[in-house]
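1. What follows is a predicted structure for the sequence shown.
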Amino acid sequence: MEEKTIQIAGSITVDELATALGLSVTELIGTLFKNGIVATINQRLDYETASIIIEELGIKDVKLERKNTSTKTSDFHRELSDKAVTRPPVVAVMGHVDHGKTTLLDTLLNKKTVEGEAGGITQHISAYQLEHDDRLITFLDTPGHEAFAAIRQHGAMLTDIVIIVVAADDGVKPQTIEAINFAKSANAKIIVAINKIDREGADIPRTMADLSNNGLQPEEWGGDIIMVPISAKMNQNLDKLLDMVLLTADIEELKADVDIPAEGLVIESHMEVGKGSVVNLLVTGGELKTGEYIVAGSAYGKVRTMLDWQGKPRGKATPSTPVTITGFKELPNFGDRFIEVKDEKTARKMALLNAQAAADESASANVTSSDLLRMMNVADNSKVFNVIIKGDVLGSVTSVVDSLKMIDTHGEITLNIVSTGVGDINENDVYMAADENTIIYGFNVSVPINISKMAARDGVKIRTYKVIYELLDDAKSEMENLLDAEIVEEDKGEIKVLGVFRTEKTSIIAGGEVLKGDVKPGYLVRVVRDKKYLGEAEVTSVQKEKIDVKELIAGETGGLAMKTKSRIDLQINDRLKFFTREAKKRTL
Ligand code: GDP
């Protein structure tokens, strides 16, 4: 059977997908509906939704493909040519707080860099390179787990090796496990540094046992994880650790092509007075040179200056090299992939296409990420209401069942009648109810004392009623508990941005005039430019004439600080629309 490929650039309309699949639009809308998506013919579906639906339809001979309109990281992994050359490994150091990550990096930096140079770095750097045995190793700073989540989210598995630092006197802790999971999900090789072996309480075998209980089997015990006992503070065995990093790199045969257009990842970006955008990149392929044009998401520019991690100018960067460049016309996002293009015109065009694709995606995501997730939850067990019905006579059982079925749950909750029967509640009912989260309803029946004891022991709920409406009310309120809370948003006010004082990865400081309503700390914000939605933020503080105030009201001008989940490149004249969002319990 020949496979057919459907390309999806950002999103696809219901109409287009139906045509591509050779289905009628009604049929497709019906399937969407069954999956909880109420769609119209022009509705846009994103890639994930389309894949789910195709699977749901049981269509096997169609392959979905993301079309490359963007320089997103989803198309990051490329096939290597036979001309690919060895590149330095990219290493992240992770582990539980206080287990010694910073100390390890500091000691390594002091040891491996020429005196004085490392000390000269004041600015936050996100990656550095060390030399060991005349070979380079690239270290990524691990600025907290959030950033890693972002990297993971962008699918950029650029970490080749994760060094997990575990203190020998403390063992495996929650963030150790997080680090293990991160490394596994990133497909990175793991090396464990058992740290603080100079300490009195250090117990290497116990730490190894602890690690092996958490899925990391030491090589010494026949497993496949290299574990190196070290003291980061006393500089003990660090050479061995670096040897193991290089050994792992050799085994992995880490390579990259250099005769392709340069590409890589944005690992940090911020604005600096006098310099404009200052962007840290990690080159993953090709060679990036000053004067070249690059695109990252909707941002583009010409590499004006290039510095290495120690702040020294350099003309080009090869794979696995972190560099700091200037020249982007606007700030690219952390985690975006960048690529080199041949000229400014191409760069501009591509950035524009990426911006459109992103807008498309967010438009479709508005429909899917919330709706689909909420709707898909119908199939989730938490949205199934399991009951067992017992009654004194068959007639009462039937009328309880029929009445329960009449409760309108707007399709959000499935009533699952596990069993029905005539007679008192018995052992069997309790057994059956204990399996799932099931409530036993008895109508005009009794519960023998041993049965109610047994139910109490097993955490099974038994409710008996003599009036059917009371039984139904109880069932209804139980179902309401299963409903997702209703998200209620209320508009509060609007500001016209008159000045942008700082935009960082997760914070913005700006000033403006309140056009209507009011602005208070805690309000949420939609950032809008020419009716286009740019992102969401939250007000953290409000100022009038540089003094913190409780609110700004219509007609006033003032400043405000906001926090954001991802960078929003705020500009003068943008509108900030304030609102509140509350989760309310819903009723049936
Ligand atoms: P991080 O939170 O993982 O970055 O941990 P730090 O590097 O900040 O280390 C936490 C504490 O442990 C600091 O007081 C360090 O001096 C200490 N420490 C780190 N490594 C060692 C070591 O090898 N031996 C001893 N004795 N102390 C260490």
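-> Sure thing, it's come through.

2. and D491, how many neighbours?
-> The number of residues packed near D491 is 12, by other CB atoms under 10 Å. Heads up, the C-betas are built off the backbone N, CA and C, glycines and all.

3. cool, and R314?
-> Per other CB under 10 Å, the neighbour tally for R314 reads 15.

4. In space, what's closest to it - neighbours in sequence excluded?
-> D308 (5.1 Å; CB to CB, 6 or more residues apart in numbering).

5. these two touch, right, that neighbour and K316?
-> No. The pair D308 and K316 fails to qualify as a contact (CB atoms under 8 Å) at a distance of 10.6 Å.

6. which parts of the stretch 101-250 of the chain sit against the ligand?
-> Proximity of the stretch 101-250 of the chain to the ligand (CB under 6 Å from any ligand atom) is limited to residues K101, T102, T103, N195, K196, D198, R199, S231, A232, K233.

7. Now with 8 Å, please.
-> The stretch 101-250 of the chain comes close to the ligand at residues 101-106, 165, 167, 195-199, 230-234, 236, as judged by CB under 8 Å from any ligand atom.

8. Which stretches in the protein count as helices?
-> Listed in chain order, the helices of the chain (DSSP state H) span 14-21, 25-34, 47-56, 101-112, 145-153, 174-185, 204-213, 238-252, 344-376, 394-406, 427-435, 449-458, 468-482.

9. Can I get these in JSON lines including mean neighbour count, mean pLDDT and distance to V527?
-> Below are the helices of the chain laid out as JSON lines (neighbours: other CB atoms under 10 Å; pLDDT from 0 to 100; distance: least, CB to CB, whole Å):
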{"stretch": "helix 14-21", "mean neighbour count": "18", "mean pLDDT": "85", "distance to V527": "29"}
{"stretch": "helix 25-34", "mean neighbour count": "16", "mean pLDDT": "79", "distance to V527": "31"}
{"stretch": "helix 47-56", "mean neighbour count": "18", "mean pLDDT": "78", "distance to V527": "25"}
{"stretch": "helix 101-112", "mean neighbour count": "18", "mean pLDDT": "83", "distance to V527": "35"}
{"stretch": "helix 145-153", "mean neighbour count": "16", "mean pLDDT": "48", "distance to V527": "19"}
{"stretch": "helix 174-185", "mean neighbour count": "18", "mean pLDDT": "84", "distance to V527": "31"}
{"stretch": "helix 204-213", "mean neighbour count": "17", "mean pLDDT": "96", "distance to V527": "45"}
{"stretch": "helix 238-252", "mean neighbour count": "17", "mean pLDDT": "96", "distance to V527": "42"}
{"stretch": "helix 344-376", "mean neighbour count": "17", "mean pLDDT": "61", "distance to V527": "12"}
{"stretch": "helix 394-406", "mean neighbour count": "14", "mean pLDDT": "84", "distance to V527": "46"}
{"stretch": "helix 427-435", "mean neighbour count": "17", "mean pLDDT": "86", "distance to V527": "49"}
{"stretch": "helix 449-458", "mean neighbour count": "14", "mean pLDDT": "91", "distance to V527": "52"}
{"stretch": "helix 468-482", "mean neighbour count": "15", "mean pLDDT": "90", "distance to V527": "35"}
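
10. out of the ones you listed, nearest to H270?
-> helix 145-153 (13.9 Å; CB to CB).

11. tell me the mean pLDDT over stretch 126-136?
-> The predicted model assigns stretch 126-136 a mean pLDDT of 90.

12. ok, and what's touching it?
-> 88, 108-109, 112-113, 137-141, 143, 239, 242-243, 245-246, 267-268, 280, 282, 308-310, 320-322 (CB atoms under 8 Å, 6 or more residues apart in numbering).

13. Under the pLDDT cut-off, which ranges of the stretch 201-350 of the chain? List them.
-> Along the stretch 201-350 of the chain, the model assigns pLDDT under 70 to no residue.

14. now the strands for it?
-> For the stretch 201-350 of the chain, applying DSSP state E, counting those that start in this stretch gives strands covering 226-229, 255-256, 263-272, 276-285, 288-289, 293-296, 299-307, 316-317, 322-328, 337-341.

15. need those strands in TSV with mean neighbour count and distance to I439, can you?
-> Below are the strands of the stretch 201-350 of the chain laid out as TSV (neighbours: other CB atoms under 10 Å; distance: least, CB to CB, whole Å):
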stretch	mean neighbour count	distance to I439
strand 226-229	22	50
strand 255-256	19	60
strand 263-272	22	52
strand 276-285	23	55
strand 288-289	20	63
strand 293-296	26	54
strand 299-307	20	55
strand 316-317	20	64
strand 322-328	23	58
strand 337-341	23	51
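
16. want to throw the ones you listed into JSON lines with distance to I53?
-> Shown next, in JSON lines, are the strands of the stretch 201-350 of the chain (distance: least, CB to CB, whole Å):
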{"stretch": "strand 226-229", "distance to I53": "45"}
{"stretch": "strand 255-256", "distance to I53": "37"}
{"stretch": "strand 263-272", "distance to I53": "32"}
{"stretch": "strand 276-285", "distance to I53": "34"}
{"stretch": "strand 288-289", "distance to I53": "40"}
{"stretch": "strand 293-296", "distance to I53": "32"}
{"stretch": "strand 299-307", "distance to I53": "33"}
{"stretch": "strand 316-317", "distance to I53": "43"}
{"stretch": "strand 322-328", "distance to I53": "38"}
{"stretch": "strand 337-341", "distance to I53": "28"}
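
17. number of nearby residues for A262?
-> 24.

18. residues contacting G285?
-> R78, A256, D257, V258, I260, A262, E263, G264, P319.

19. do that again at 6 Å, thanks
-> Listed by CB atoms under 6 Å, 6 or more residues apart in numbering, the contact partners of G285 are A256, D257, I260, E263, P319.

20. Show me which residues of stretch 183-192 are buried.
-> A183, A186, A188, K189, I190, I191, V192 (16 or more other CB atoms under 10 Å).

21. Please save the CA atoms from it in CSV.
-> The C-alpha trace of stretch 183-192 is given here as CSV (Å, rounded to 0.1, in the frame of the first residue of the first chain):
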residue,chain,number,x,y,z
ALA,A,183,18.9,13.1,30.9
LYS,A,184,16.8,10.2,29.8
SER,A,185,14.2,12.3,28.1
ALA,A,186,16.9,14.3,26.4
ASN,A,187,18.6,11.0,25.2
ALA,A,188,21.8,12.2,26.8
LYS,A,189,24.5,10.0,28.2
ILE,A,190,24.7,10.0,32.0
ILE,A,191,27.9,10.2,34.1
VAL,A,192,27.5,10.4,37.8
